[in-house]
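**Student:** structural data only, the sequence is not supplied:
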Ligand SMILES: Nc1ncnc2c1ncn2[C@@H]1O[C@H](COP(=O)(O)OP(=O)(O)OP(=O)(O)O)[C@@H](O)[C@H]1O
């Protein structure tokens, strides 16, 4: 399994007690498959993504990324693993206003010389893969919301991650553009063999995913019937 969450419990301080955000959650995501995690607001979806991204350390349980148990790593090693093996697509693209679409991707690699040219080629290839070959030289204000989200997705793939974590990718898009972004994520997941986990409270477009799991009050319900 490229991403394995094994018996994860996560609590937050809550007054004098603790609030259980994730309650013995287990999830495995194989390479080349897209898993959707749905559930109501406050059910723990963002917490699940943050733990999978190694941004938050759970109280107990194991997070295994591309064969590495992240629990035993130093913070520096964890940051390196996150940079090299995990791509994260946040809900808001957070693109840098002064950079072109291609440069947004290139800044993911801190290199010079020949490696910089390779990074530029890779950035242009990824923009092509997300349907933005002609927009590579545009800055964020010259792109539509859907195009910015595509740049966001391409940027997350720049370092060839094994795991792709996606937060609410369609919430700011209309139905048609939301469907197109989901189709794009499914295609990239296959082509680049990422273990993709997408959290959303939006149940539309789920027929496009490989499987759907539901989060309720910090617990993950068994997998629903495969959607294809
Ligand atoms: N940093 C924090 N400190 C304390 N409690 C938190 C913190 N982050 C989240 N929570 C609580 O943990 C629970 C799960 O929150 P989480 O953000 O993971 O849910 P969610 O399903 O992603 O919600 P939404 O769909 O609204 O983003 C909620 O009860 C929330 O209030």
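**Tutor:** Perfect, thanks for sending it. Treat the numbers as computed from the prediction; the structure is a model and nothing was measured.
**Student:** which residue packs closest to residue 135, ignoring adjacent ones?
**Tutor:** Spatially, and ignoring its direct neighbours in sequence, residue 135 is nearest to residue 101 (5.5 Å; C-beta to C-beta, 6 or more residues apart in numbering). Backbone N, C-alpha and C define where each C-beta goes, glycine included.
**Student:** and residue 138, helix, strand or coil?
**Tutor:** Secondary structure assignment for residue 138 (DSSP: H, G, I helix; E, B strand; the rest coil): coil.
**Student:** verify the contact between it and residue 102 for me.
**Tutor:** No. Judged on C-beta atoms under 8 Å, residue 138 makes no contact with residue 102 at a distance of 9.2 Å.
**Student:** in terms of neighbours, single out the busier of those two.
**Tutor:** Neighbour count, other C-beta atoms under 10 Å: between residue 138 and residue 102, residue 102 has more, with 21 against 16.
**Student:** the host helix or strand of residue 7: which residues count as buried?
**Tutor:** Assigned by DSSP states H and E, residue 7 falls within strand 3-14. For strand 3-14, a neighbour-count test (16 or more other C-beta atoms under 10 Å) marks 3-6, 8-11 as buried.
**Student:** residue 5 and residue 96, how far apart?
**Tutor:** Going from residue 5 to residue 96 by C-beta to C-beta, to the nearest Å gives 32 Å.
**Student:** cool, and residue 65?
**Tutor:** Distance from residue 65 to residue 96, counting by C-beta to C-beta: 27 Å.
**Student:** the two - which one has more neighbours?
**Tutor:** Set side by side, residue 65 and residue 96 show more neighbours around residue 65, with 26 against 11, by other C-beta under 10 Å.
**Student:** quick check: bridge partners of the residue nearest the centre of the chain?
**Tutor:** When C-alpha atoms, centre = their mean is applied to the chain, the residue found nearest the centroid is residue 165 (1.7 Å). Taking DSSP bridges, one finds residue 88, residue 197 as the beta-bridge partners of residue 165.
**Student:** near the ligand, which residues of this structure?
**Tutor:** For the chain, the residues in contact with the ligand (C-beta under 6 Å from any ligand atom) are 12, 19, 21, 39, 41-47, 201.
**Student:** 8 Å - rerun?
**Tutor:** Listed as neighbours of the ligand in the chain under the rule C-beta under 8 Å from any ligand atom: 12-14, 19, 21-22, 39-50, 168, 199, 201, 215, 218.
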